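Visitor: coordinates only, sequence not included:
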């Protein structure tokens, strides 16, 4: 019987002439940068911490480049969503900062926030003009 691994699938090389090591590194990076839905375990969190320390210089350069660009609609919506979720989180935790909560409590609150999606969406619509205005004032400075 033929195994799936035995099949030679036709793969198109999108970047001919690029060294194989670079292609492989890019492929690995893309695979690990997937959005993860479930909460991280403690060893995973420690591994992620070490990984982020390795990428520190690249992240700094990326932040500097991004700071020179004007944020697009998706980025502004993401910021508004974060503000809205933090506002609700503040009410749920009675002004206890998220950083002081245990990981289990954080996960529990995140689940509750996910259930409040319609409420968060309404808040995002209201906050979007304020976030856009803040971005424009930041640009003018």
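Guide: Thanks, I have the structure now. As the structure is a computational prediction, the values presented were derived from the model and not from experiment.

Visitor: Test my guess that residue 109 contacts residue 94.
Guide: No. Residue 109 is beyond contact range of residue 94, at 11.7 Å (criterion: Cβ atoms under 8 Å). Using the backbone N, CA and C atoms, a C-beta is placed for each residue, glycine as well.

Visitor: Counting neighbours around each, name which of those two comes out higher.
Guide: Between residue 109 and residue 94, counting by other Cβ atoms under 10 Å, residue 109 is the more crowded of the two (17 against 6).

Visitor: in which helix or strand would I find that one?
Guide: helix 103-115 (DSSP states H and E).

Visitor: what does that helix rub up against?
Guide: Helix 103-115 is contacted by residues 39, 42, 45, 85, 88-89, 92-93, 98, 101, 120 when judged by Cβ atoms under 8 Å, 6 or more residues apart in numbering.

Visitor: nearest to residue 140, of these?
Guide: Nearest to residue 140 among the contacts of helix 103-115, counting by Cβ to Cβ, is residue 85 at 27.7 Å.

Visitor: Check the spacing between the closest one and residue 54 real quick.
Guide: 29 Å (Cβ to Cβ, to the nearest Å).

Visitor: of the two, who's got more company?
Guide: For residue 85 versus residue 54, neighbours defined as other Cβ under 10 Å are more numerous around residue 85 (19 against 9).

Visitor: how about the more buried one, what does it touch?
Guide: 113, 120.

Visitor: what about it, distance to residue 50?
Guide: Distance, residue 85 to residue 50, using Cβ to Cβ: 27 Å.
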